[in-house]
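> Pasting the sequence and the predicted coordinates here, then a few questions.
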Amino acid sequence: MGQRFIVDSNVIIDYAANRFNSAGNDFMEAIFNNDFLISVAVKIEVLGFNDLPSKLIALEEFVDAATVIPLDEAVTKQTIELRRQYKKLKLGDAIIAATALVHQLNLVTRNIDDFKHIQGLNLINPHKI
């Protein structure tokens, strides 16, 4: 693929619920089958999501297939800077954005508005592919 991606919680939930068009689905499958990266915050959000209880085991197996990027010192420092600079940014979103920035990853998310003001963060909405 060339570029590297980190996947947001809402994309995993949407994929599990079959909410993508064929192009978006193909794009996501290419990521999931090659270099599936998530932040530890995404793991917490996805496995704490209660709207799809019938799919919990599948979601656990799916998340277990990902490489989970931990909350290390570099990501922690970047998260703090983002929270200072963008006062309305939620903690989970700040950790996800910081992880993407520190590791130079494109963030794949449906919630572009949550991240669009963060300088240097590359965003991709798979629903718009």
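Sure thing, it's come through.

> what about Leu107, helix or strand, and which?
Assigned by DSSP states H and E, Leu107 belongs to strand 106-108.

> what about this structure, any weak spots by pLDDT?
Segments of the chain classed as low confidence (criterion: pLDDT under 70) are 1, 50-53.

> residue ranges for the helices of it, please.
Counting by DSSP state H, the chain has these helices, from start to end: 9-16, 22-34, 40-47, 56-64, 73-85, 91-102, 112-115.

> Adjacent strands (with direction) for the strand holding Leu107?
strand 5-7 (parallel), strand 123-124 (parallel) (DSSP bridges).

> on that earlier part again, so can I have a markdown table of the helices of the chain showing mean neighbour count?
(C-beta placed from N, C-alpha, C; glycine too.) Output for the helices of the chain, formatted as a markdown table (neighbours: other CB atoms under 10 Å):
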| stretch | mean neighbour count |
| --- | --- |
| helix 9-16 | 21 |
| helix 22-34 | 15 |
| helix 40-47 | 20 |
| helix 56-64 | 13 |
| helix 73-85 | 15 |
| helix 91-102 | 24 |
| helix 112-115 | 16 |
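
> now the ones you listed as CSV including distance to Gly2?
Formatted as CSV, the entries for the helices of the chain read as follows, by distance: least, CB to CB, whole Å:
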stretch, distance to Gly2
helix 9-16, 19
helix 22-34, 11
helix 40-47, 22
helix 56-64, 24
helix 73-85, 24
helix 91-102, 16
helix 112-115, 22
